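**Student:** Got a sequence here, can you model it:
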Amino acid sequence: MGMPATIQTVTQRLRRAIPVKFSGKQQASHYLYVREHRVREGTKSSWPQKRTLFVLNVPPYCTEECLSRLLSPCGPVCSVELQEKPDLAESPKEPQSKFFQPKPVPGFQVAYVVFQKPGGVSAALALKGPLLVSTESHPVKSGVHKWISDYRDSVLDPEALRAEVDTFMEAYDKKVAEEEAKAQEEEGVPDEEGWVKVTRRGRRPVLPRTEAASLRVLERERRKRARKELLNFYAWQHRETKMEHLAQLRKKFEEDKQRIELMRAQRKFRPY
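**Tutor:** Below is the predicted model of the structure:
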């Protein structure tokens with residue numbers, strides 16, 4: 001049976017399989033599939049051509065620093081970036097918080113390795129292997145040691161957390177102040193079509209509540225509560241009056257029934 005067209009196409013695009021072992025004690029090898037990063041004509045990519053190596057099947061224990069160390073014999077490495085799936089553009093290098101960013105689910109990833117010279121890609125494609133991820137000079141934690149390390153990393157430093165929150169709030173307050181200043185400048189100025197932008201700034205500001213104002217609010221609430229209780233009392237009294245009236249009507253009805261029975265009995269025919 002022949003190989004499916006999709007698998008055959010992927011196999012042709014993967015130029016090289018490099019065996020990798022976690023340590024020297026491991027017998028089985030894991031394979032990294034590498035090729036030169038290329039795109040179709042007319043497609044833009046932020047990765048530099050002829051200097052970028054595309055790597056597939058990167059195991060979870062292989063970090064960016066580890067991958068850079070493994071490929072450094074091929075030539076100076078400028079950057080290494082791991083991603084969940086292939087992408088034509090580099091991810092924005094924004095500072096990420098180690099406290100509020102969700103931890104990625106460990107799994108196999110892809111990598112883009114940028115060399116300083118094009119010869120680094122050719123040398124990487126010619127690697128024989130196997131490459132060792134964990135060595136005596138660069139050990140990689142695993143098993144119980146990795147669990148202990150992850151647990152220690154999960155314990156937050158309160159001082160570092162407070163410093164990061166303060167920095168974020170300062171940047172946020174500065175941004176809000178800039179937006180308010182910009183809104184003040186634009187308020188009342190007509191645009192090209194003659195429209196004037198109306199903002200919420202024209203509303204009357206809410207003044208802070210003083211002690212006298214708080215006392216007035218409490219007195220108003222007390223009066224409202226007393227009026228509600230009085231209305232409830234009148235409603236209860238009205239309900240009781242209705243019930244008494246119904247009881248009197250029932251009593252009168254029973255008396256009328258007895259009177260009618262008596263009248264019928266008196267009119268009964270008695271021949272003797």
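
**Student:** Show me where the stretch 1-150 of the chain has its strands.
**Tutor:** 16-21, 30-36, 52-58, 77-83, 109-115, 131-132 (DSSP state E, counting those that start in this stretch).

**Student:** Point me to the helix or strand that includes Lys174.
**Tutor:** Using DSSP states H and E, the element containing Lys174 is helix 158-186.

**Student:** Quick one: name whatever helix or strand follows that helix.
**Tutor:** On the C-terminal side of helix 158-186, the closest following helix or strand by DSSP H and E is helix 211-266.

**Student:** which secondary element of this protein has the worst mean pLDDT?
**Tutor:** Of all helical and strand segments in the chain, the minimum by mean pLDDT, DSSP states H and E falls on helix 5-13, at a mean of 45.

**Student:** that older thread, take the strands of the stretch 1-150 of the chain and lay them out in a markdown table including mean neighbour count, distance to Glu240 and mean pLDDT.
**Tutor:** Where C-beta positions appear, they are placed from N, C-alpha and C, glycine not excepted. Formatted as a markdown table, the strands of the stretch 1-150 of the chain follow (neighbours: other C-beta atoms under 10 Å; distance: least, C-beta to C-beta, whole Å; pLDDT from 0 to 100):
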| stretch | mean neighbour count | distance to Glu240 | mean pLDDT |
| --- | --- | --- | --- |
| strand 16-21 | 18 | 90 | 88 |
| strand 30-36 | 19 | 88 | 90 |
| strand 52-58 | 21 | 83 | 91 |
| strand 77-83 | 17 | 78 | 89 |
| strand 109-115 | 21 | 79 | 91 |
| strand 131-132 | 18 | 94 | 86 |
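
**Student:** Including distance to Glu178, could those strands go into a markdown table?
**Tutor:** Below are the strands of the stretch 1-150 of the chain laid out as a markdown table (distance: least, C-beta to C-beta, whole Å):
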| stretch | distance to Glu178 |
| --- | --- |
| strand 16-21 | 50 |
| strand 30-36 | 45 |
| strand 52-58 | 38 |
| strand 77-83 | 32 |
| strand 109-115 | 36 |
| strand 131-132 | 50 |
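
**Student:** Between the ones you listed, which one is closest to Ala124.
**Tutor:** Closest approach to Ala124 among those is made by strand 52-58 (5.2 Å; C-beta to C-beta).

**Student:** List the strands paired with the closest one, with their directions.
**Tutor:** Here strand 52-58 is paired, per DSSP bridges, with strand 30-36 (antiparallel), strand 109-115 (antiparallel).

**Student:** Pull the residues that contact the last one.
**Tutor:** Contacts of strand 109-115 from elsewhere in the structure, counted by C-beta atoms under 8 Å, 6 or more residues apart in numbering, are 37, 47-48, 51-56, 58, 60, 64, 67-68, 71, 74-86, 90, 121, 124.

**Student:** Check the offset of that strand from the chain's centre.
**Tutor:** 27 Å (C-alpha atoms, centre = their mean, to the nearest Å).

**Student:** now the angle from that strand to strand 77-83?
**Tutor:** Counting by axes from the mean of the first three to the mean of the last three C-alpha atoms, to 10 degrees, strand 109-115 lies at 170 degrees to strand 77-83.

**Student:** what's the answer for the first one, then?
**Tutor:** Put simply, strand 30-36 runs at 120 degrees to strand 77-83, going by the same axes, to 10 degrees.

**Student:** Give me the distance from strand 30-36 to the chain's centre.
**Tutor:** Worked out by C-alpha atoms, centre = their mean, strand 30-36 lies 33 Å from the chain centre.
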